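> quick one, fold the following:
(chains A and B)
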Amino acid sequence: MSDLVPLLAAESTALFGSKAVGLGQALRDGLPVPDGVALAGAVVDAVASRDEQAIHRVAESVAGLQGALAVRSSAVDEDGAEASFAGQHMTLLNVRGAEELTAAIGEVWWSANSDSAITYRQRVGLFTRPSVGVVIQALVEPETAGVMFTLNPVTGADERVIEASLGLGEAVVDGRVIPDHYRVSRDGEVIERTAGRKDIAIRSLPDGGTYEERVAPELVESLCLDDQQLAELNRLADRCEHVYGPARDTEWAISAGKLYLLQCRAVTTVRA
Amino acid sequence: MSGAPIEVLKRVPLFADLDEAELGRVASVFKERRFAAGETVIQQGSGAAAFFVIDAGEAIVHVDGIERRTLKAGDYFGEMALIDAGARTATVNASTELVCSGVTFWDFRPIVEENGVIGWKLLQSLIEIYRSERTGP
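Now for the predicted structure:
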């Protein structure tokens, strides 16, 4: 079995990690996931060691992806504690060029081998060498992005909870803005819409990396999703639950009017 | 393939008894790691995962919040992490962009396990360090 495959063919969590396999499954089920490739832990290790053959293989594998790239860690954990590891691993956005891609993969390797990651592993009784896969995807440059829970993670109510902001979704995920907050019933009725305070939007720089753009004053406290987009997100929640089962925690983005699924995992904090 | 400069490894007391080939074997498993200016490289009290050699840039060492020294290219820190992954005894912050070569406990351990000669020499070095710290200079 190859250790470097199109995301669509990532089927082994032991090789590629749960994020890669989750996204691969989403593609196989027709969900709107950006195209990409999955690297097994051994390939990530070789690239981080500056192995020329591995670097060349990765460069060839991403040649078909248009524009800038997103490089994400995909934990290969023997106890399935991917969610717990998530905060210690990383995502690098707007990666451009072979050299930057190699450096980004090296950073992901170190994120799994950092002091904090090793300390965490020891605390939970893991004394084996960490292995981290990588997902490389075409970067989506969104007008709007955020997170969506397919049921309310605080109350457990059977409703979608959506948080949205302008630009890349990291503004929401990293808590850099107060996002717009929406609750949508399973049949599509909008139960709540509360504008946040979206002072900044994270945007890509032409030469790689990201920056915080000041949001125009009239948009800071304006709702950034309309009814049609909320309906589309509700349909995406349905499809995610159909494929993966109930109670999903997702990341999404809308770019050039098209909705993309960037991440889908189990909700871990539901109150009964 | 990346790797730490052997000349730097020769100055590390833990590796004092290793010959050129053995140092080359250790150097071969190092990987490059970059830190932005201002970034914390290691944190006092945190569990230790890796030993680092500085390839370029500068870093400041603090112990209990007190600045102790500046580290530059050719300096190294954290070598005891390779043996027991115990708590860091100092904080190191990058004062400029910092390029390091690092090796983790997990990558170092197989070298020792596969090569009894290296393991024995490391034990001898550790005893020398222990004796000198016990008896003083």
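> is it true that A:Glu232 lies in a strand?
No - under DSSP: H, G, I helix; E, B strand; the rest coil, A:Glu232 sits outside any strand and is assigned helix.
> spatially nearest residue to it, not counting backbone neighbours?
Counting by C-beta to C-beta, 6 or more residues apart in numbering or on different chains, A:Glu232 lies nearest to A:Leu259, which is 5.2 Å off, once chain neighbours are set aside. Any C-beta I mention is one placed from the backbone N, CA and C, and that applies to glycine too.
> kindly report the same for A:Asp45.
Residue nearest to A:Asp45 in three dimensions, not counting chain neighbours: A:Trp109, with 6.5 Å by C-beta to C-beta, 6+ apart.
> need phi/psi at the one you found.
Comment: the main-chain dihedrals of A:Trp109 come out as phi -60, psi -50, following degrees, to the nearest 10.
> and the one 5 residues further on, by the same measure?
A:Ser114 has phi and psi values of phi -80, psi 170 when expressed as degrees, to the nearest 10.
> you'd agree it is up against B:Ala49?
Yes - taking C-beta atoms under 8 Å as the contact criterion, A:Ser114 and B:Ala49 are neighbours in contact, 6.2 Å apart.
> between the two, which one's more packed in?
B:Ala49 (28 against 22; other C-beta atoms under 10 Å in any protein chain shown).
> does the more buried one touch A:Asn113 like I think?
Yes - in this structure B:Ala49 lies within contact range of A:Asn113 using C-beta under 8 Å: 5.8 Å.
> measure A:Val134 to A:Gln53 for me?
Computed as C-beta to C-beta, to the nearest Å, the A:Val134 to A:Gln53 distance reads 17 Å.
> which one of these two has more residues nearby?
Under the criterion of other C-beta under 10 Å, the comparison of A:Val134 against A:Gln53 puts A:Val134 first, with 31 against 9.
> and the pLDDT for that one?
According to the prediction, A:Val134 has pLDDT 96.
> and the strand or helix carrying it, how far from the chain's centre?
Under the criterion of DSSP states H and E, A:Val134 resides in strand A:131-138. Centre-to-centre, strand A:131-138 and its host chain are 11 Å apart (C-alpha atoms, centre = their mean, to the nearest Å).
> cool, stretch A:239-247 as well?
Taking mean C-alpha positions (C-alpha atoms, centre = their mean), stretch A:239-247 and its chain are 17 Å apart.
> please apply the same query to stretch A:16-29.
12 Å.
> what's that stretch in contact with?
Defining contact as C-beta atoms under 8 Å, 6 or more residues apart in numbering or on different chains, one finds that stretch A:16-29 is touched by A:5, A:7-13, A:33, A:35-36, A:38-41, A:72-77, A:80, A:82, A:132-135, A:137, A:239-240, A:243-244, A:261, A:263-265.
> same thing with stretch B:120-133?
By C-beta under 8 Å, 6+ apart, the residues outside stretch B:120-133 that reach it are B:Pro13, B:Leu14, B:Phe15, B:Ala16, B:Asp17, B:Leu18, B:Glu22, B:Ile83, B:Val112.
> where does the stretch 1-150 of chain A have low pLDDT?
Residues of the stretch 1-150 of chain A that meet the criterion pLDDT under 70 lie in A:1, A:77-89.
> is the residue nearest to A:Glu232 within a helix or a strand, and which one?
Counting by DSSP H and E, the element that carries A:Leu259 is strand A:258-266.
> sheet partners, orientation included, of that strand?
Paired neighbours of strand A:258-266 in the sheet (DSSP bridges): strand A:248-255 (antiparallel).
> OK, contacts around the closest residue to chain B within chain A?
Among residues of chain A, the one nearest chain B by C-beta to the nearest C-beta turns out to be A:Thr119. It sits 3.3 Å away. Contacts for A:Thr119 were tallied using C-beta under 8 Å, 6+ apart; they are B:Ser46, B:Gly47, B:Ala49.
> near chain B, which residues of the stretch 101-250 of chain A?
By C-beta under 8 Å from any C-beta of the partner chain, the residues of the stretch 101-250 of chain A that approach chain B are A:103, A:106-107, A:109-110, A:113-119, A:122, A:129-130.
> on that earlier part again, packing partners for the strand holding A:Val134?
helix A:18-28, strand A:36-39, helix A:41-48, strand A:69-76, helix A:98-112 (3 or more C-beta pairs under 8 Å, 6 or more residues apart in numbering or on different chains; DSSP states H and E).
> could I get the full set of strands for chain B?
Listed from the start of the chain, chain B has strands (DSSP state E) covering B:31-35, B:40-42, B:50-56, B:59-63, B:66-71, B:76-77, B:91-94, B:98-104.
> with the stretch 151-272 of chain A instead?
Per DSSP state E, counting those that start in this stretch, the stretch 151-272 of chain A has strands spanning A:159-166, A:180-185, A:190-194, A:200-204, A:210-214, A:248-255, A:258-266. These are given in chain order.
> so which of these is the most surrounded?
Among the strands of the stretch 151-272 of chain A, strand A:159-166 has the highest mean neighbour count (mean count of other C-beta atoms under 10 Å in any protein chain shown), at a mean of 25.
> hang on, the earlier thing: just give me the closest of the contacts of A:Thr119 to B:Arg34.
Proximity of the contacts of A:Thr119 to B:Arg34 was ranked by C-beta to C-beta; the top entry is B:Ala49 with 16.4 Å.
> residues touching the closest one, list them.
So B:Ala49 contacts A:Asn113, A:Ser114, A:Asp115, A:Ala117, A:Ile118, A:Thr119, B:Ala81, B:Ala85, B:Thr104, B:Phe105 (C-beta under 8 Å, 6+ apart).
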